[in-house]
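1. mind folding the following:
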Amino acid sequence: MGARTLEKCKTYYEGRVFKTNKCGDIVVINYFKASNVIVQFLNTGARTKTCTGDILNGYVKDVFAPNIFNKGYLGCHDANVTRKNPPESYNVWVDMIRRCCCETYKQKKPHYMSSVVDARFESYFNYRSWCEKQIGFGCKDEKGRPFALDKDILIKGNKVYSEELCVFVPKEINLLMVKCGRKRGDNPIGVFYDAKNDKYKAQMSGKGASKTFIGRYATPEEAFQAYKQAKEAYIKEVANKWKDQIDNRVYEALMNYQVEITD
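-> Next up, the predicted model:
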């Protein structure tokens, strides 16, 4: 490109505002050549390198625009996430954003109603950088299932997905804390009223696909104490099974876990 042509292009592009198809307006900051143009998105202030063809056709993408359930954004130019088979880290990240930010999903899964995602995890780039360093990330259990992202093992009842409190654990551990609130009604966790026998039945999920029957008791309090003893023992059993494959913080949390009647 000759000096006069370059100057003409710089004069035409630099400082001019263009529209994109999905990410609002951009302004051209620097024109070096047709394949090397620096633009800035007016909505987010993010800058990126692009070409004149994409500018004129509106194809420039803002990786800082929250386009995953109006909250999550890429935070980096990563070609992998645009392929038909995105990396597992991306799929897990999108599922996390969905649980926290999709109202339709929360209506179906009300136990996620109060869940939120930390600001740093709104960026896939930040999330990926974090998760690739975590114990358990990329691992699979004996059934070939990837380890799950868990937010409330380290701190019971935690609702925030964050770098400090999220861990990767096998599905067996992830399911240990599932609560059947709708089925048990007003009874304590692990306790169900058996109308046929006019007793309170204690049973526990977790061992295989079926429920583990513990016993029948005269009061819900007695049934809960039986459940508590059995559940805490089982949690320790599972913790020791996976001890060498999980974060030590997870192991310690499970070994010290206490089932409360208010759970």
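2. now the spatially closest residue to Ile29 that is not a sequence neighbour: phi and psi?
-> Distances taken as CB to CB, 6 or more residues apart in numbering place Ile38 nearest to Ile29, at 4.5 Å, with adjacent residues excluded. Bear in mind the C-beta positions are built from the backbone N, C-alpha and C, glycine included. Torsion angles at Ile38 (phi, psi; degrees, to the nearest 10) stand at phi -100, psi 120.
3. now Glu237
-> Here Glu237 shows phi and psi, under degrees, to the nearest 10, equal to phi -60, psi -50.
4. Tyr257 now?
-> Main-chain torsions, Tyr257, degrees, to the nearest 10: phi -70, psi 140.
5. how much space separates it from Asp150?
-> 13 Å (CB to CB, to the nearest Å).
6. compare the two (neighbour count), which wins?
-> A count of neighbours by other CB atoms under 10 Å puts Asp150 above the other of Tyr257 and Asp150, at 21 against 16.
7. list the buried ones in stretch 69-78?
-> Neighbour counts using 16 or more other CB atoms under 10 Å place 69, 71-75 of stretch 69-78 among the buried residues.
8. which of those sit farthest apart?
-> Phe69 and Gly75 (15.2 Å; CB to CB).
9. tell me the average confidence for the helix or strand harbouring Ile55?
-> Using DSSP states H and E, Ile55 maps to helix 52-57. Throughout helix 52-57, pLDDT has a mean value of 95.
10. what is that helix packed up against?
-> Other helices and strands packing on helix 52-57, by 3 or more CB pairs under 8 Å, 6 or more residues apart in numbering; DSSP states H and E, are helix 3-13, strand 36-41.
11. list of residues touching it?
-> Residues outside helix 52-57 that contact it (CB atoms under 8 Å, 6 or more residues apart in numbering) are 9, 13, 18, 26, 28, 34-35, 37, 39, 59-60.
12. only the buried residues of that helix, if you could.
-> Counting neighbours by 16+ other CB under 10 Å, helix 52-57 gives 52, 54-55 as buried.
13. list just the nearest of the residues you listed to Met113.
-> Checking those against Met113 by CB to CB gives Asp54 as the nearest, at 40.6 Å.
14. tell me what Val17 is bridged to.
-> Val27 (DSSP bridges).
15. any idea how far it is from Asn67?
-> For Val17 relative to Asn67 (CB to CB), the value is 21 Å.
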